[in-house]
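Enquirer: everything below, folded, please.
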Amino acid sequence: MKQFFKMTFASMLGVLFAFAVLTIVVGLLTVAVCVSIGSTSSTTPVLQSGESVFRLSLSGAMPDSPADRSLSLWLGEDETLSLKDVLAAIRNAKEQNTIKGIYLDMGVLRTGTAGIDAIRRALMDFRESGKFIVAYADNYSQGSYFLASVADQVYLNPQGLLGLSGIASQTLFYRGLLEKAGIEMNIFKVGTYKGAVEPFLSDKLSDANREQITSYITGIWNHVVNGIAESRQIPASTVSDFADEGLFFADPSKAVECQLIDGLKFRSEVENLLKEKAGQTGQRLKTAGVAKLKKPGKKGRKYRNKIAVVYAEGEITPTPASSPYRSEKCITEELADELRKLKEDEEVKAVVLRVNSPGGSAYVSEQIWKQVFELKKSKPVVVSMANVAASGGYYISCAASKIVAEANTLTGSIGVFGMFPNAAGLFGKLAVGSDVVKTAAYADMGNLARPMTDEEKALIQGYVERCYQTFLTRCSDGRGLSVGEIDAVGQGRIWRGEQALKAGLVDELGGLDRAIDLAVELAGIYNYTLITVPEPRDFFMELLKKQLDETKVSLVRDMIGEDYEYFRTLQQLRSTYGIQARIPYELKPL
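Expert: Predicted coordinates for the structure are as follows:
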C-alpha cells in the first residue's frame, strides 16, 4: 500500500510539472506568435521557390471539421488533418500553376468510406488539370489503398503489404460479464433491427441484425472493389480474388502481377521519380503540405450574403464528455443555440448542416430537430451527411429542406431504445442492503437495488413507444412521406446512402460541395461568403485544454495498455443510460 501511494504521488507530481512547463512554454511563445501575426497583412501561405509538389500525407483519424492547430505546430506536433482542409488543399493545388502534381504519402488512414470517397472525387477532379498523382506507402491499409488507387502510379515498399482483405464487422457481447457481476439490464426498444441492445440480451446477433450488417458491409465492399477496378482498369474479380485468396500476405510482387501496384520501390526512389516529374534539381524533393495549400492563393472578396456551414460531429449527449479517457467531439444543445442565432442573422441566407453522428440522447436530438424545423421556416437548410448520420443523427437531419448523403453514408436507423440496470445481484454479492421510504407508488422507480415491477416495465415501454411514434412523425413531416412509409423503412434499420436515396430518406448523393451548391440554389443568390460555425474558440485556452485532455488519455493508456479500447468501450456504456436514439456499433474504418 505504501508503494502504491508513492507511485500515485509521483504520477500526480509528474502531471503538475508537465502542466507548469507547458504554461511557461505557451507564455514564451505568445510573444513570438503575436509578433509573427503583426508582421504580415495576410494569412495566405506563400509557396517557396521550388515547392512544386503537393505532399499529401494521409494517416490517422480525420475529423470533418478543422481545429486551429497553429500553435501546436510551433510546439512540434504533427498536424491533425481535417477533411475540410484536405479538400480545400487539393482544390487550391489544382488552381496553382506552380504545383505540378501530388505526392500521396499514404499511412494508415482511419476514416470512413464517405470521407475517402470525397477525397477520391477531389483527386479525380485534380487529374483533369493534366497534373500527375503518384502514391507511395510502406504498407497500404485497405482504406489508404482504395484512395491511392486513383493515382497515375501506385508504388509499394519492396517488403510492404497491400492490405486488401475485405470488410468484417465485430460485435462484442456483455451479457455474460454482467451476469457474473450480478447486473441485469432491463431493455426497452422499438424496432426489429435496433441491434444496440443485443450485446446486453444475447450471445450472438439476431437474424434481423445479421441481415442489415451483411447488407451494408457487402454494399461498401462492392463499392470499394468496383472503384479500385475502375481506377486500375482491371476486372473487379481480380480485386476480390486478391482478398479471398489472402494474397495480402503473399510476396509483394503478387500485387504487381495482379496490376494493383505499378512497382516496388523504396521511398527515396519514388521521391527521385517525383523530382524528375516536377523538373526539380537538388538533393531533396521540395514539397508543400496541406498547411500551405488549404487557403487560396488570393483572398476572395467578402460579400454580405453568407452561407453558414455548421458542423455537427460526434455522439449526441446532454453535456460534453468529461471523463479522462474521452476527448472526442460531441453534439450538445449548444448546436440548437447556434442554429437559433443563425435564424436571427439576416446576412446568413442559407445553412448547411454537416452531420457526422451515430446518434445518442433522444431528448437532445428533439431539441436540435426543433431548431432545424424553425430555421427552415426562414431560410433553406441543407444537410450534408458524412460517414454516419443515423438514429439521432438522422433525427436532427430529417427536417431539413434537402438532404445530401454519400453513397456509403450509414443513415436511417429510425428507432428508439432504453436501458436501465438492476444491480440487486451485485448488491447481494457485496452484502449491501437497502431500505426505502416513499410517498408515491413509483417514487423509487429506477432503484438499482431491486428488480423492476411489471407495472414499471409497462410504463417505460409505453414511453419508448411514444418516443418512436414522435420520431416517425418528425421524419414523416420532414420527408413528405406517410408515417406508415417511414415505419416500413424504419424499425431501427441502417441503410447505406444509395439505399436511403431509393427509400426516400435522402434527396441526392454527393459531398459537402454539392450540399453548399444546393443551398446557394435554394437561397437564390449568386455572390456569397462561406462561413464556418462554430467559429474557432480562444486560441490558447483550446490549446491548453487539448494538451490536458491528451495527457489524461495518455496516463490511462499507459496504465491499462492494450486493454484501453475495451475499457473505453465499457465506459461508453454509461452514456447509453436512459432513452437513446443511436446505432449500436463503434464504426471501424476500412
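Enquirer: what does stretch 430-440 contact?
Expert: 427, 444, 447, 449-450 (Cβ atoms under 8 Å, 6 or more residues apart in numbering). For every residue, glycine as well, the C-beta is placed using N, CA and C.
Enquirer: those helices in the stretch 1-150 of the chain, which residues are they?
Expert: Assigned by DSSP state H, counting those that start in this stretch, the stretch 1-150 of the chain shows helices spanning 2-38, 70-74, 83-95, 113-127, 142-148.
Enquirer: now the two most distant members of the contacts of stretch 430-440.
Expert: The most widely separated members of those, counting by Cβ to Cβ, are F427 and D444 (14.3 Å).
Enquirer: more crowded one of the two?
Expert: Neighbour tally, F427 and D444, criterion other Cβ atoms under 10 Å: the higher count belongs to F427, 17 against 14.
Enquirer: any idea how far P451 is from that one?
Expert: Taking Cβ to Cβ, to the nearest Å as the measure, F427 falls 11 Å from P451.
Enquirer: where's W495, which helix or strand?
Expert: strand 494-496 (DSSP states H and E).
Enquirer: contacts only, for I119.
Expert: Counting by Cβ under 8 Å, 6+ apart, I119 has contacts 58, 83, 86-87, 90, 147.
Enquirer: got the residues you listed as JSON lines, with distance to D513 and neighbour count columns?
Expert: Converted to JSON lines, those look like this (distance: Cβ to Cβ, whole Å; neighbours: other Cβ atoms under 10 Å):
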{"residue": "L58", "distance to D513": "19", "neighbour count": "23"}
{"residue": "L83", "distance to D513": "11", "neighbour count": "25"}
{"residue": "V86", "distance to D513": "13", "neighbour count": "21"}
{"residue": "L87", "distance to D513": "8", "neighbour count": "20"}
{"residue": "I90", "distance to D513": "11", "neighbour count": "23"}
{"residue": "L147", "distance to D513": "18", "neighbour count": "28"}
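Enquirer: take the residues you listed and write them to TSV, including distance to R232.
Expert: Shown next, in TSV, are the contacts of I119 (distance: Cβ to Cβ, whole Å):
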residue	distance to R232
L58	19
L83	24
V86	22
L87	23
I90	20
L147	13
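Enquirer: what's the closest of the residues you listed to G524?
Expert: Nearest to G524, judged by Cβ to Cβ, of these is L87 at 25.7 Å.
Enquirer: correct me, but that closest one touches D117?
Expert: No - with contact defined as Cβ atoms under 8 Å, L87 does not reach D117; the gap is 11.4 Å.
Enquirer: in a markdown table: the contacts of I119, plus pLDDT.
Expert: A markdown table is the format used below for those (pLDDT from 0 to 100):
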| residue | pLDDT |
| --- | --- |
| L58 | 92 |
| L83 | 91 |
| V86 | 94 |
| L87 | 94 |
| I90 | 96 |
| L147 | 96 |
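Enquirer: where does this protein have low pLDDT?
Expert: For the chain, the stretches flagged by pLDDT under 70 are 1-50, 66-80, 296-301, 321-328, 535-590.
Enquirer: so how far is I119 from I102?
Expert: 11 Å.
Enquirer: common neighbours of the two, please.
Expert: I90.
Enquirer: nearest residue to I316 in space, please, no chain neighbours.
Expert: G360 (3.3 Å; Cβ to Cβ, 6 or more residues apart in numbering).
Enquirer: is the one you found bridged to anything, and to what?
Expert: Listed beta-bridge partners, G360: I316, A581 (assigned using DSSP bridges).
Enquirer: tally of neighbours for it?
Expert: Count around G360 with other Cβ under 10 Å applied: 26.
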